[in-house]
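Colleague: sequence plus the predicted model coming up.
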Amino acid sequence: MSTPKKPASTPFVRSDQLTFEQLLSNHIMYTEGKLAKTATERDWFEAAAHSVRDHLIEKSSQTIDDNYAQDPKRVYYLSLEFLIGRTLSNAALNLGVEPALREGLKSLGQELETVEEMETDAALGNGGLGRLAACFLDSMATLDLPGMGYGIRYEYGMFNQRIENNQQIEYPDNWLRYGNPWEFQRPERLYPVRFMGHVVNLTTGKGKTECHWVDSDTVMAMAYDVPIPGYSTNTVNNLRLWAAKAPREFDLDSFNAGDYIGAVQEKEVVESLSKVLYPNDSSAMGKELRLRQEYFFVSASIQDILHRFLSDHDDLSLLPDKVAIQLNDTHPAIGVAELMYQLVDVHHVPWIKAWKITTQVFSYTNHTLMPEALETWSVAKFERVLPRHLQIIYQINHDFLAQVNHQFPGDTDLLRRVSIIDESNGRRVRMAYLAIIGSHTVNGVAAIHSDLLKTTLFADFHRIYPAKFINVTNGITPRRWLNQANPKLSELIASRIGNGFVQDLAQLQGLVPYAEDAEFRKQFRAVKQANKIHLAHIIEKKTGIIVNPDSLFDVQIKRIHEYKRQLLNVLHVVTLYNRIRSGQTQGITARTVIFAGKAAPGYKTAKLIIRLINDVASIINNDPAVGGLLKVVFYPNYDVSSAEKIFPASDLSEQISTAGTEASGTGNMKMALNGALTIGTLDGANIEIGEEVGADNIFIFGLTTPEVAGLRARGYNPSVHYHNNAELRLVLEMIGNGFFSVEEPDRYRALYDNLTQHGDHYMLQADYASYVATQEQVSALYRDQEEWTRRAILNVARMGKFSSDRTIREYADKVWKVKHNLSK
């Protein structure tokens with residue numbers, strides 16, 4: 001009797017062996033279950049996404065194989081936010097398949113731009129912190145750097161912002177309503193994360209004391225993977241996001257007893273942990289949820305990192321040779337204590353050895369100069385939620401203070417200032433201090449920011465660890481913020497210097513001679529005008545406001561916060577309005593002032609500023625006396641996709657924070673890269689942008705950081721400016737006395753009082769005259785379109801330093817000690 005033959009295996013067909021027309025048709029049929037003639041625009045988006053995803057999967061699989069074969073040191077980037085935006089167009093461009101995708105859709109009667117608009121922004125972040133993390137992942141992959149991001153798979157974003165009755169109203173941002181075609185659920189990657197309970201100390205037979213965390217509650221963390229492709233490379237790295245899952249899905253006993261709500265209550269409570277990005281922490285419950293979120297994703301991530309390491313290695317002392325963990329701000333700082341918990345309690349590594357491993361693995365990026373923005377937790381809350389980790393932090397603090405006391409004997413005030421436990425404010429755990437002590441490197445994100453960390457905020461720690469503090473100036477990915485967001489400008493640049501700038505932004509320097517080329521300036525202006533016309537149509541559709549694309553587009557788009565001084569911008573807008581109304585129109589350039597950004601739901605002053613902007617807009621935009629000289633727009637629900645439309649159309653970039661308050665900023669870089677001139681203070685990365693583009697090609701105003709500090713030390717008196725500047729006084733009185741809120745005259749009295757009676761903390765009055773005078777220089781230059789364009793081109797040409805590729809190379813070389821594709 002003959003042996004039966006094995007059935008022939010079906011050969012695997014790679015996606016690059018099929019045309020996009022074939023891929024799209026297959027996915028319409030087999031993924032969406034539709035015929036082409038009945039498919040909706042969303043079906044076509046899903047088909048396009050899965051077609052591009054097929055290409056991603058193949059490169060991702062190869063990347064994973066290569067990493068396992070080569071066993072390189074890997075970078076793990078821990079961040080509470082990853083503001084990645086839409087993926088379809090970015091992935092298609094990075095993979096080099098965008099033209100084929102466009103043609104494939106066209107052959108089936110679809111337009112790529114229409115399909116792209118069906119994608120919802122991934123609501124995994126709020127602002128600059130999350131967008132920076134997304135840029136870094138792009139650069140890591142582009143540089144073939146073995147690494148991945150870790151965060152939370154939020155079911156709802158921060159909120160969907162709508163403007164109703166001129167006020168910000170928050171609605172749920174259900175970005176996963178239609179699912180996410182880019183993610184892969186990994187149910188096999190499931191880790192227990194523990195909370196509450198108490199610690200029992202047991203003595204072993206060898207006389208050692210072991211700590212056992214008992215009677216705790218458990219939440220399961222399940223992994224979801226999102227592939228992150230590099231540009232023009234075979235590397236596709238991974239963003240791993242954690243979703244909270246209940247250990248028990250359903251209580252059948254409760255259900256059978258008639259308690260239908262109780263049957264699912266545990267599941268609902270547990271899974272709320274990953275429900276919302278940044279829950280409102282103005283309440284005690286909100287604060288606790290925030291702490292739980294942070295520990296949840298950090299614990300799952302570190303367990304996953306150790307699982308990956310131990311699958312190929314059995315000696316944990318080698319962990320620093322194979323693992324680098326970057327803490328993106330203080331949110332993941334609990335990772336220091338968690339790694340110690342895993343090493344000491346779970347893997348039984350001796351404390352001293354575990355601490356040496358931990359401090360060789362972690363590095364910490366600080367993103368703020370404001371002491372109040374450094375995260376702290378009450379000891380009582382920390383002890384209740386994470387009892388074992390508080391014990392670990394106490395031990396870390398004890399050992400650290402002993403070291404400091406040995407280094408600086410008798411300086412008890414220094415010990416008090418640097419202790420992780422703040423005893424002066426109701427006993428609180430200072431998370432930034434834990435991150436500094438537990439990391440081998442601490443970096444700021446702009447030159448001035450890093451200097452101020454060493455001389456002000458962390459001066460004591462710099463004295464203790466002088467070699468630990470460095471600077472790594474932030475950067476942005478040119479793939480999204482030029483190649484994708486501004487294709488017309490990218491094409492124009494490539495027509496002169498080639499397209500190598502997409503991978504090496506320093507090549508933009510080759511544009512410098514073209515600033516003197518009249519034909520190139522004409523083409524550059526035409527690109528900017530086309531972008532402005534496009535944005536004008538979007539503004540009309542979203543807000544009903546008709547704006548003039550020939551006017552100067554004066555843009556301030558960023559999170560709404562007092563230190564970012566959107567209110568100073570409003571003071572200038574009202575100043576222009578008063579001048580126009582009084583007939584002082586000579587020298588005024590037609591201007592459209594565009595604001596965008598969200599205020600935290602519990603931040604009343606920021607929300608009041610948004611309402612003021614819209615009330616001012618309602619008056620100015622409907623006053624016939626203004627004519628076409630001034631329009632004010634608040635662009636609602638600002639997100640990455642909005643930014644991709646606004647940056648390319650911007651003429652003037654407002655970067656006007658009080659000097660010494662902004663760590664870096666990256667919107668300033670995106671604006672300049674897209675040909676906007678900057679008006680700003682000497683703050684954050686504005687300083688380095690000015691150094692690169694040249695003092696003649698940036699508008700700098702206002703007090704410097706030393707001048708701000710000196711004025712505060714002497715006793716800042718804003719009433720001097722109020723009484724000595726009639727224009728300023730009129731503007732403030734109009735706002736404070738109800739000119740823009742006739743139906744509620746005292747609506748903005750609190751803003752008026754903050755500036756006139758309560759110290760004007762961010763020194764708007766002190767900088768007002770300089771700001772207004774500098775804006776007059778802006779208007780004068782904009783009337784000379786040839787010179788304005790020349791300077792705009794020079795801004796673009798000199799932005800090479802601000803690529804996130806350069807930033808990541810610096811991290812790789814100076815902090816993580818890992819190889820990338822430009823390593824020597």
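Modeller: Nice, I can see it.

Colleague: number of residues surrounding Ser378?
Modeller: 18 (other Cβ atoms under 10 Å). Where you see a C-beta, it was placed from the backbone N, CA and C, and this is true even at glycine.

Colleague: pretty sure it contacts Gly426?
Modeller: Yes: Ser378 lies in contact with Gly426 (Cβ atoms under 8 Å); the separation is 6.5 Å.

Colleague: and the closest residue to Thr705 other than its chain neighbours, what pLDDT?
Modeller: Nearest residue to Thr705 in three dimensions, chain neighbours excluded: Gly660, at 3.8 Å (Cβ to Cβ, 6 or more residues apart in numbering). What the model reports as pLDDT for Gly660 is 95.

Colleague: in this structure Arg749 contacts Leu732, no?
Modeller: No: contact criterion Cβ under 8 Å: Arg749 and Leu732 do not qualify, at 11.0 Å.

Colleague: re the thing from before, which SS class is the residue nearest to Thr705?
Modeller: Under DSSP: H, G, I helix; E, B strand; the rest coil, Gly660 falls in the coil class.

Colleague: contacting residues around it?
Modeller: The contact partners of Gly660, by Cβ atoms under 8 Å, 6 or more residues apart in numbering, come to 369, 448, 452, 683, 705, 708-709.

Colleague: now with 7 Å, please.
Modeller: For Gly660, the contacting residues are 369, 452, 683, 705, 708-709, by Cβ atoms under 7 Å, 6 or more residues apart in numbering.

Colleague: now the helices for the stretch 501-650 of the chain?
Modeller: 518-543, 566-581, 604-621, 640-646 (DSSP state H, counting those that start in this stretch).

Colleague: quick one: closest of those to Leu781.
Modeller: In terms of Cβ to Cβ, the element of the helices of the stretch 501-650 of the chain nearest to Leu781 is helix 518-543, at 14.2 Å.

Colleague: what's that closest one packed up against?
Modeller: The helices and strands touching helix 518-543, judged by 3 or more Cβ pairs under 7 Å, 6 or more residues apart in numbering; DSSP states H and E, are helix 487-497, strand 630-635, helix 640-646, helix 785-797.

Colleague: next, the buried residues of it.
Modeller: Across helix 518-543, burial judged by 16 or more other Cβ atoms under 10 Å covers 520-521, 523-525, 527-528, 531-532, 535-536, 539, 543.

Colleague: what do you get for stretch 204-215?
Modeller: Using 16+ other Cβ under 10 Å as the test for burial, stretch 204-215 gives 211, 213.

Colleague: looks like Val75 contacts Trp816 (just checking).
Modeller: Yes: contact criterion Cβ atoms under 7 Å: Val75 and Trp816 qualify, at 5.2 Å.

Colleague: packing partners for the helix or strand where Tyr150 lies?
Modeller: Secondary-structure assignment from DSSP states H and E places Tyr150 in strand 147-152. Using 3+ Cβ pairs under 7 Å, 6+ apart, the elements in contact with strand 147-152 are strand 74-78, helix 128-142, strand 236-245, helix 284-310.

Colleague: so which of these is the most packed in?
Modeller: Among the helices and strands packed on strand 147-152, the stretch with the highest mean neighbour count (mean count of other Cβ atoms under 10 Å) is helix 128-142, at a mean of 26.

Colleague: so what touches that one?
Modeller: 75, 77, 79, 81-84, 124-125, 147, 149, 228-231, 233, 235-237, 239, 328-329, 367, 474-477, 479-480, 503, 640, 665-666, 804-805, 807-808.

Colleague: what's the helix or strand for Asp25?
Modeller: Not Asp; residue 25 is Ser. helix 20-30.

Colleague: centre of the chain to that helix, how far?
Modeller: 35 Å (Cα atoms, centre = their mean, to the nearest Å).

Colleague: now stretch 618-631 - C-alpha only, CSV.
Modeller: Backbone C-alpha positions of stretch 618-631 (Å, rounded to 0.1, in the frame of the first residue of the first chain) are rendered in CSV as follows:
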residue,chain,number,x,y,z
SER,A,618,-17.5,87.6,16.7
ILE,A,619,-17.2,91.4,17.2
ILE,A,620,-14.3,92.0,14.8
ASN,A,621,-15.5,89.7,12.0
ASN,A,622,-18.9,91.3,11.9
ASP,A,623,-17.8,95.0,12.2
PRO,A,624,-18.2,96.7,8.8
ALA,A,625,-15.7,99.3,9.9
VAL,A,626,-12.9,96.7,9.8
GLY,A,627,-13.4,96.0,6.1
GLY,A,628,-10.9,93.3,5.0
LEU,A,629,-8.1,94.4,7.2
LEU,A,630,-8.6,91.9,10.1
LYS,A,631,-10.2,88.5,10.7
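
Colleague: got the buried residues for it?
Modeller: Under 16+ other Cβ under 10 Å, the buried positions of stretch 618-631 are 619-621, 626, 629-631.

Colleague: determine which two of those are furthest apart.
Modeller: Farthest pair in the buried residues of stretch 618-631 (Cβ to Cβ) is Ile619 and Leu629. Separation: 14.2 Å.

Colleague: can you give me the strands in the stretch 251-400 of the chain?
Modeller: Under the criterion DSSP state E, counting those that start in this stretch, the stretch 251-400 of the chain contains strands at 323-328, 362-365, 376-378.

Colleague: cool, the stretch 651-800 of the chain as well?
Modeller: All strands of the stretch 651-800 of the chain, identified by DSSP E, counting those that start in this stretch, fall at 652-655, 677-680, 699-700.

Colleague: could you dump those into a markdown table with mean pLDDT and mean neighbour count added?
Modeller: Converted to a markdown table, these look like this (pLDDT from 0 to 100; neighbours: other Cβ atoms under 10 Å):
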| stretch | mean pLDDT | mean neighbour count |
| --- | --- | --- |
| strand 652-655 | 98 | 28 |
| strand 677-680 | 98 | 24 |
| strand 699-700 | 98 | 19 |
